[in-house]
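Visitor: Here's my sequence, what's the structure:
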Amino acid sequence: MATVTILRRAQLLITRSTFASHKITRAMSSMLIDDPKYSWLKDLGLGPTNKGVFYGAWDGTGEEVTSFCPANNQPIAKVTQASPADYEKAVVAAKEAWETWTEVTAPQRGEILRQMGEALRQKKTLLGKLESLEMGKILPEGEGEVQEYIDIIDYAVGLSRMFAGHVFPSERKGHMLLEQWNPLGLVGVITAFNFPVAVYGWNSSIAMACGNCVLWKGAPTTPLVSVAVTKILETVLKANNIPPAVCSLVQGGADIGTLMAKDERINLVSFTGSTPVGKKVSLMVQERFGKFLLELGGNNAIIVNEDADLDMVVRAGVFACAGTAGQRCTTTRRLVLHEKVHDQVVAGLVKAYKQLRVGDPLDDGTLYGPLHSQQGVDQYFAALEEAKAQGGKIECGGKKIDRPGNYVEPTIITGLKHDAPIVLKETFVPIVYAVKFSNIDEAFKINNEVKQGLSSSLFTKDMNAVFRWMGPKGSDCGIVNVNIPTNGAEIGGAFGGEKQTGGGRESGSDAWKQYMRRSTCTINYSAELPLAQGIKFE
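Guide: Below is the predicted model of the structure:
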């Protein structure tokens, strides 16, 4: 959907000077994929130029875009995106594939998914490296995201034998009342740059186990990940004589996303991204009375009560606030600290931040990598200026790191009111605002005063506070944690949030129901024809 143009980074550099222009021209003449250091990219089926459309055959006649490495802003490889004509071919092929896929029994679909999990295991290290190269997250997180895809596949395999309908007691003699779940048909999945593997995995694995085909539009700035994952799935589908268009791909920008949102042939649109764009998508889908699943923004808070284990708080806070360079939807953006422990927690985090190992995401030992794009860098500095104008004090960070790529310092800001405009605004960068509270009820209200409702956490040893936090007057978020960070969710529970986070649920629990339609069925196996509620019509 609405994304920064992929070539923006190169264009910004080119405009700086004639000298810089010559440097960029030389850099653009060769791709990282041609460098022997990155020859492993070819083991994923990638080349210097790649087709970004798949519907049983690889295609793409739209704009050719270049994918850049955020750690050095060097071009990796090129991908040809979908044109409207390509999109049409993909939808037609996916709908045709559904006619076959829905006839495959659910346990057999689970077996094919199991094979996909095995194929991903074989490529886990390579895919993790690609994600680090293209998205910018450190290698343990890149591999961890592939593992998350594998884990949800394992979950979907079990689910394929466990879809639970109900049989209800009928008030009519000789009648049976039950519910039947059936697949929707075609599920459109639009994913964001920050989790280009796992979010597709959450959606596609469960959707496929339920009997749906999937049409994927990956983020325009991580097209190589989308192509590589689809190639792996293609191999498994072909080996099982299943139409490969069951897992179709249409790389593209807002034009392709708009086609998906407005297309009545797509039975469910799952969108992950910003709240403003998610609102536009939902309105387009709702206009045609379609179904949508939204996973949007999160202005997440960690509350630290006065009795909390502060060493644990600091250890959790470093990953929660600075992990993935602040680019998780569950990143902690607000530290709501009891006034008695505020200074101690801030001092501990400042010390820990200074020990973060900054480096190339692919290097062993790196804990902190770059922002994904120049747009993120611009948002970082704009937020700093807003915070300072509103009375904020930068305790650490606040600068660009002097090295190639989109590196900025992880930043802690104090001195702002809990309801300062910048604190209430989600900014997708490694900035956290530390604010004070005096009692736990006040802290709960601070947690809930933002417009998003994704993730939240309370650090305390007070069991009364714990159960109030989980209750109706506690956190209003979809994820309510105790003594762990706001990020790092497991796949077994439903993932999603309330309010402007969108209300959608993906991954575990009963999230599978969003990918199916429910029918209530009444079967009369008697020779009589009684009406419900004892009505007589004779």
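
Visitor: how much space is there between Asp151 and Ser205?
Guide: 9 Å (CB to CB, to the nearest Å). Placement of C-beta: from N, CA and C, glycine included.

Visitor: More neighbours: which of those two?
Guide: Using other CB atoms under 10 Å as the criterion, Asp151 and Ser205 rank with Ser205 on top: 27 against 21.

Visitor: quick one: contacts for that one?
Guide: Applying CB atoms under 8 Å, 6 or more residues apart in numbering to Ser205 gives the contacts Leu113, Tyr149, Ile152, Ile153, Tyr155, Ala156.

Visitor: again, 10 Å this time
Guide: 113, 116-117, 149-157, 159, 214, 491, 507, 512 (CB atoms under 10 Å, 6 or more residues apart in numbering).

Visitor: can you check Pro244 too?
Guide: 54-57, 93, 97, 230, 233-238.

Visitor: Which stretches in the stretch 401-538 of the chain count as helices?
Guide: Ranges of helices in the stretch 401-538 of the chain, per DSSP state H, counting those that start in this stretch, are 440-448, 463-470.

Visitor: Go through this protein and flag its longest helix.
Guide: In the chain, with assignment by DSSP state H, the single longest helix is helix 139-159.

Visitor: Tell me the pLDDT of Asn241.
Guide: Looking at Asn241, its pLDDT is 98.

Visitor: measure it to Trp101 for me?
Guide: 12 Å.

Visitor: ok, those two, which is more surrounded?
Guide: Trp101 (24 against 7).

Visitor: can I assume the more buried one is in contact with Ile242?
Guide: Yes: using CB atoms under 10 Å as the test, Trp101 is close enough to Ile242 to be in contact (6.7 Å).

Visitor: what's the overlap in contacts for the two?
Guide: With CB under 10 Å, 6+ apart, Trp101 and Ile242 have common neighbours Arg109, Ile112.

Visitor: Quick one: low-confidence residue ranges for this protein.
Guide: 1-29 (pLDDT under 70).

Visitor: cutoff 50 now
Guide: 1-28 (pLDDT under 50).

Visitor: ok, back up a step: now list the buried members of the contacts of Ser205.
Guide: Buried members of the contacts of Ser205, counted by 16 or more other CB atoms under 10 Å: 113, 116-117, 149-153, 155-157, 159, 214, 491, 507, 512.

Visitor: for those residues, which one is nearest Ala71?
Guide: Tyr149 (22.9 Å; CB to CB).

Visitor: Could I get the contacting residues of that closest one?
Guide: 116-117, 120, 124, 127, 195, 197-202, 204-205, 229, 491.

Visitor: next one: Met208
Guide: 101, 104, 109-110, 112-113, 116, 153, 156, 160, 183, 187, 214, 233, 246-247, 515.

Visitor: how close does Arg109 get to Glu103?
Guide: Taking CB to CB, one finds Arg109 at 10 Å from Glu103.

Visitor: What of Gln500?
Guide: On the measure of CB to CB, Gln500 and Glu103 end up 40 Å apart.

Visitor: more neighbours, the two?
Guide: The residue with more neighbours, out of Gln500 and Glu103, is Gln500; 21 against 9, by other CB under 10 Å.

Visitor: Surely that one and Val277 touch.
Guide: No: in this structure Gln500 lies outside contact range of Val277 using CB under 10 Å: 12.0 Å.

Visitor: For Arg121, grab the count of nearby residues.
Guide: Arg121 has 13 nearby residues by other CB under 10 Å.

Visitor: so which strand or helix has it?
Guide: Here Arg121, judged by DSSP states H and E, is contained in helix 106-122.

Visitor: likewise Arg334?
Guide: Per DSSP H and E: strand 332-338 holds Arg334.

Visitor: what packs against the first helix or strand past that strand going along the chain?
Guide: Using DSSP H and E, the helix or strand that follows strand 332-338 in sequence is helix 342-354. Contact analysis of helix 342-354 by 3 or more CB pairs under 10 Å, 6 or more residues apart in numbering; DSSP states H and E lists strand 300-304, helix 310-322, strand 332-338, strand 393-396, strand 411-414, strand 431-437 as its packing neighbours.

Visitor: strand partners of the first one, parallel vs antiparallel please.
Guide: Just to be clear, that refers to strand 300-304. Strand 300-304 sits in its sheet next to strand 332-338 (parallel), strand 455-459 (parallel), going by DSSP bridges.

Visitor: mind listing what Lys436 touches?
Guide: 335-343, 414-415, 417-418, 442-443, 446.

Visitor: ah, wrong one, I meant Val408
Guide: 325-326, 368, 370-371, 376-377, 379-381, 384, 397-401, 429-431.

Visitor: of those residues, buried ones?
Guide: For these, buried by 16+ other CB under 10 Å: 325-326, 368, 370-371, 376-377, 379-380, 384, 397-398, 429-431.

Visitor: and the gap between Pro404 and Thr221?
Guide: 18 Å.

Visitor: Kindly report the same for Gly502.
Guide: 22 Å.

Visitor: Which positions within stretch 314-325 qualify as buried?
Guide: So stretch 314-325, judged by 16+ other CB under 10 Å, has buried residues Val314, Ala316, Gly317, Val318, Phe319, Ala320, Cys321, Ala322, Gly323, Thr324, Ala325.

Visitor: Out of the residues you listed, the closest to Arg172 would be?
Guide: Ala320 (55.5 Å).
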